[in-house]
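**Student:** model this:
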Amino acid sequence: MKNLKESRFGKIIKVSGPLVVAENMAGAKMYELVKIGFSKLVGEVIKLEKDCASIQCYEDTSGLTIGDPVLKTGSPLSVQLGPGLFSQIFDGIQRPLKVISELSKNVYVPRGVDVPSLDLQREWQYKPLDIKPGTVVQGGDVIGTVAENDLFKEHRILLPPGAKGKVVEAQPAGNYNVMTPIIEIDENGTIKKYNMSHFWPVRIARPCLEKLPGTEPLLTGERVLDALFPSVLGGTCAIPGAFGCGKTCISQALSKYSNSEAIVYVGCGERGNEMAEVLKDFPQLYTEIKGIKYNIMQRTILVANTSNMPVAAREASIYTGITLAEYIRDMGYNVSMMADSTSRWAEALREISGRLAEMPADSGYPAYLASKLSQFYERAGKVTCLGSPSRKGSVSIVGAVSPPGGDFSDPVTVNTLYNVQVFWGLDKKLAQRTHFPSVNWLTSYSKYENTLENFFNKFDKEFVECKNDIKKLLQEEDDLTEVVQLIGKDSLSEDQKLILEIAKIIKNDFLQQNSFTEYDYTCPLEKTTGMMKCIMTYYHLANKILKEGNPYDNKKSFAYIYSKTKEEFIELTQMKFINPKKSKEEITKLFAGQKKRIEEKFKDIFKFKQMI
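**Tutor:** Below is the predicted model of the structure:
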């Protein structure tokens, strides 16, 4: 600090929790990164008034006093993007927690610690593309590749957006660290050197060539989500639910078993034990690709900002996570970002807004809450990436929301639903009955159903019809349940009794999944489709027999049909036990055989009835 100009320093005049106010800050910009006090605490300018700046500090402000210096860095809060991101766990401002732990020999993050985000000494085996001197390149171009790990074998090295010029010199294949210049470019007479990593401001969305509509589903391995309320790769989803409903479990299941090529998991303000569980479980989990098992941590980046860390850093953690996800998207990959939970992020906004003495809106949240949420969710999507070669990538955002007491009229939930296209509403009553995933099939919805119709029709021509029939059955069952509670089950017609029984199978044996079992921890789309087809085949055939003939005929009752098809009915409840590790062909063959047995059984019964 001694060798720096005096004009680069301000002076603290007020400290209020995470908010620091400094004077002599002329020349500072909004969202500029500053170093506060003699410990060089990390902060960000969030308000400018005359020569005073209001700064939110991302570390504990204990010990700061009036008159302490504030250093203006001249650059915004940025993250370093390059090889070495995967398998890492960062805090909300991209400081590697494992490295900090080893250096400090402490379980807590020391105040003012300054550690590079990426390992600057580690050398990577760099393979350049065929780029010769004189070639014109621009931001977003892939200039080479690095094998990051066994699963993420092609980390594409990108020129940062904004770069443009003729190549003067390009390094040959070899081992380089992330700070070694690998290409020199003549930009209008100025020679600029670029290495394997670059910095990008977290609050600015990375540019793309074009935004595209999603066409492929984000497969989660959860039947209730994949079948009834699917999202697309590049979609936006919200998981609101009360404490203990399973928001974190669903987020973790998506991280473990979804069809995304990379995962950015942001623990924003949640309990430390949940993040500890992720750290404990993920290294023990493997995904199988082309017959080879890979540790899923090799495709995962964790951003941890738990409830015992500074409140203000929760806001930064969300932006850090989405910027990392956009960088991987720009390589041409499909990325999922899990934000658990955006309610804690909104609480950080409320805290800072209160310290700034801004006029509060609903429930004390700032008036700009809706705008902030919109800015975050609009960074999702499927895109055509900048530069060459041509490639497409996507960022899917799954945001958990924790409304107090499960009240969905909470401002964070309401404003989130304005922005997302998929709503997976969790039900406290289902959770109390240990029905997991506790997604309420009557209140949840997906606006991507029409978009994905072509995909599902190509996958299986009966998929969309079965899905619509199941939704209709569940709605009818809900209406009939009210009738049964008033006047009893005996008052129902035989086809209504059939609806209740089939709906019971759908709820207990199709929608419910046990993630702690080897047969139901995940469910491939072939198994989901096969289960739906078998259940609906039984329903339609039984319903056809009940609709034909005299309703007072005992042999036209559901009890009679059940007695004749008991074996097939019980098989419907056993379908979930089929091992998801079986090949797609095996699973499809098993369910095709089961469907055929149901049809043949009913054919025999129908012929018997024709003779009576």
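**Student:** domain assignment for this structure?
**Tutor:** Per the record's domain assignment (automatic domain parsing), the chain is made up of the domains 6-76, 119-196, 210-449, 463-611.
**Student:** please identify the deepest-packed of those domains.
**Tutor:** Mean neighbour counts were compared across the domains of the chain using mean count of other C-beta atoms under 10 Å; the top stretch is domain 210-449, at a mean of 21. Backbone N, C-alpha and C define where each C-beta goes, glycine included.
**Student:** before we move on, back to that, out of the domains of the chain, which is closest to I89?
**Tutor:** With distances scored as C-beta to C-beta, the stretch of these nearest to I89 is domain 210-449 (4.2 Å).
**Student:** report the distance from the closest one to the chain centre.
**Tutor:** Taking the mean of its C-alpha atoms, domain 210-449 sits 4 Å from the chain's own mean (C-alpha atoms, centre = their mean, to the nearest Å).
**Student:** what's the span of it from first residue to last?
**Tutor:** Domain 210-449 has an end-to-end distance of 23 Å (C-alpha to C-alpha, to the nearest Å).
**Student:** now it: mean pLDDT?
**Tutor:** Confidence over domain 210-449 (mean pLDDT, whole number) is 91.
**Student:** stretch 584-591 too?
**Tutor:** Throughout stretch 584-591, pLDDT has a mean value of 95.
**Student:** ok, and what's touching it?
**Tutor:** Residues external to stretch 584-591 that are found in contact with it (C-beta atoms under 8 Å, 6 or more residues apart in numbering): P524, E526, K527, T529, G530, M531, K533, C534, M575, I578, P580, K582.
**Student:** try it again with 6 Å
**Tutor:** Contacting residues not belonging to stretch 584-591 are listed as E526, K527, G530 [C-beta atoms under 6 Å, 6 or more residues apart in numbering].
**Student:** of the domains of the chain, which is nearest S101?
**Tutor:** domain 210-449 (11.9 Å).
**Student:** for G144, which three-state class applies?
**Tutor:** For G144, the reduced secondary structure class is strand; criterion used: DSSP: H, G, I helix; E, B strand; the rest coil.
**Student:** now the one 5 residues further on
**Tutor:** Here N149 takes the coil state, with states given by three-state DSSP.
**Student:** re earlier: and which of the contacts of stretch 584-591 is nearest L498?
**Tutor:** Ranked by distance to L498 (C-beta to C-beta), the contacts of stretch 584-591 are led by G530 at 21.4 Å.
**Student:** not counting its neighbours along the chain, what's nearest the closest one?
**Tutor:** With sequence-adjacent residues excluded and distances taken as C-beta to C-beta, 6 or more residues apart in numbering, G530 is closest to F591, at 2.7 Å.
**Student:** check which helix or strand covers the one you found.
**Tutor:** For F591, the element it lies in under DSSP states H and E is helix 584-611.
**Student:** next one: that helix to chain centre, how far?
**Tutor:** Its chain's average C-alpha position is 40 Å from that of helix 584-611, according to C-alpha atoms, centre = their mean.
**Student:** also stretch 127-137?
**Tutor:** Between the mean C-alpha location of stretch 127-137 and the chain-wide mean there is a distance of 36 Å, by C-alpha atoms, centre = their mean.
**Student:** ok, and what's touching that stretch?
**Tutor:** Contact partners of stretch 127-137, identified using C-beta under 6 Å, 6+ apart, comprise I143, G144, T145, K166, V167, A170, A173.
**Student:** and which of those is nearest to P160?
**Tutor:** Using C-beta to C-beta, I143 is the member of the contacts of stretch 127-137 that sits closest to P160, with 10.9 Å.
**Student:** how about the closest one, what does it touch?
**Tutor:** Contacts here follow C-beta under 6 Å, 6+ apart; on that basis I143 touches L129, I131, I157, I183.
**Student:** let's go with 7 Å and repeat that
**Tutor:** The neighbours of I143, taking C-beta atoms under 7 Å, 6 or more residues apart in numbering as the test, are P128, L129, I131, I157, L159, I183.
**Student:** now swap in L225 and tell me
**Tutor:** Applying C-beta under 7 Å, 6+ apart, one finds that L225 lies in contact with W424, V439.
**Student:** repeat the analysis, applying 8 Å as the threshold.
**Tutor:** Listed by C-beta under 8 Å, 6+ apart, the contact partners of L225 are S231, I250, W424, P437, V439.
**Student:** now, which of these lie within helices?
**Tutor:** Counted as lying in helices by DSSP state H, out of the contacts of L225, are I250.
**Student:** quick revisit: now render the contacts of I143 as a markdown table, adding pLDDT, distance to M275 and secondary structure.
**Tutor:** As requested, the contacts of I143 are arranged in a markdown table below (pLDDT from 0 to 100; distance: C-beta to C-beta, whole Å; DSSP: H, G, I helix; E, B strand; the rest coil):
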| residue | pLDDT | distance to M275 | secondary structure |
| --- | --- | --- | --- |
| P128 | 94 | 38 | strand |
| L129 | 92 | 38 | coil |
| I131 | 89 | 41 | coil |
| I157 | 96 | 30 | strand |
| L159 | 95 | 34 | coil |
| I183 | 95 | 38 | strand |
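**Student:** quick check: the two most widely separated of those residues?
**Tutor:** Pairwise distances across these (C-beta to C-beta) peak at 12.4 Å, for the pair P128 and L159.
**Student:** quick one: stretch 105-122 to chain centroid distance?
**Tutor:** Relative to the centre of its chain, stretch 105-122 is centred 27 Å away, using C-alpha atoms, centre = their mean.
**Student:** now the end-to-end length of it.
**Tutor:** The first and last residues of stretch 105-122 sit 22 Å apart, counting by C-alpha to C-alpha.
**Student:** and it, what's buried?
**Tutor:** Within stretch 105-122, the residues that count as buried by 16 or more other C-beta atoms under 10 Å are V109, R111, V113, P116, S117, L118.
**Student:** of these, which pair is most distant in space?
**Tutor:** Longest distance between any two of the buried residues of stretch 105-122 is 22.4 Å, between R111 and L118; criterion C-beta to C-beta.
**Student:** tell me what the host helix or strand of A325 is packed against?
**Tutor:** Secondary-structure assignment from DSSP H and E places A325 in helix 313-330. Secondary-structure packing of helix 313-330 (3 or more C-beta pairs under 8 Å, 6 or more residues apart in numbering; DSSP states H and E): strand 78-81, strand 198-201, strand 262-268, strand 300-305, strand 334-340, helix 342-355, helix 369-377, strand 392-401.
**Student:** could I get the domains of the chain in CSV, plus columns for distance to I89?
**Tutor:** As requested, these are arranged in CSV below (distance: least, C-beta to C-beta, whole Å):
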stretch, distance to I89
domain 6-76, 17
domain 119-196, 14
domain 210-449, 4
domain 463-611, 23
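**Student:** closest to L97 out of the ones you listed?
**Tutor:** Put simply, out of the domains of the chain the one that sits nearest L97 is domain 210-449, at 6.5 Å, with distance taken as C-beta to C-beta.
**Student:** strands of the stretch 451-600 of the chain, start to end?
**Tutor:** In the stretch 451-600 of the chain, no strands are defined using DSSP state E, counting those that start in this stretch.
**Student:** who's in contact with the closest residue to E571 other than its chain neighbours?
**Tutor:** Ranked by C-beta to C-beta, 6+ apart and with sequence neighbours excluded, the top spatial neighbour of E571 is Q594, at 6.2 Å. Taking C-beta under 8 Å, 6+ apart as the contact definition, Q594 lies against G530, C534, E571, M575.
**Student:** mind listing what the third one touches?
**Tutor:** Same thing as E571. With C-beta under 8 Å, 6+ apart as the criterion, the residues that contact E571 are C534, Q594, R597.
**Student:** residues contacting the nearest residue to L118 once chain neighbours are set aside?
**Tutor:** Once its chain neighbours are removed from consideration, L118 has its nearest residue in G84; the separation is 4.4 Å (C-beta to C-beta, 6+ apart). Taking C-beta under 8 Å, 6+ apart as the criterion, G84 is in contact with L118, D119, R122, W124, E148, V178.
**Student:** what's the closest of those residues to M309?
**Tutor:** M309 lies nearest to L118 out of the contacts of G84, by C-beta to C-beta, at 21.3 Å.
**Student:** tell me the secondary structure for that closest one?
**Tutor:** Using three-state DSSP, the secondary structure recorded for L118 is coil.
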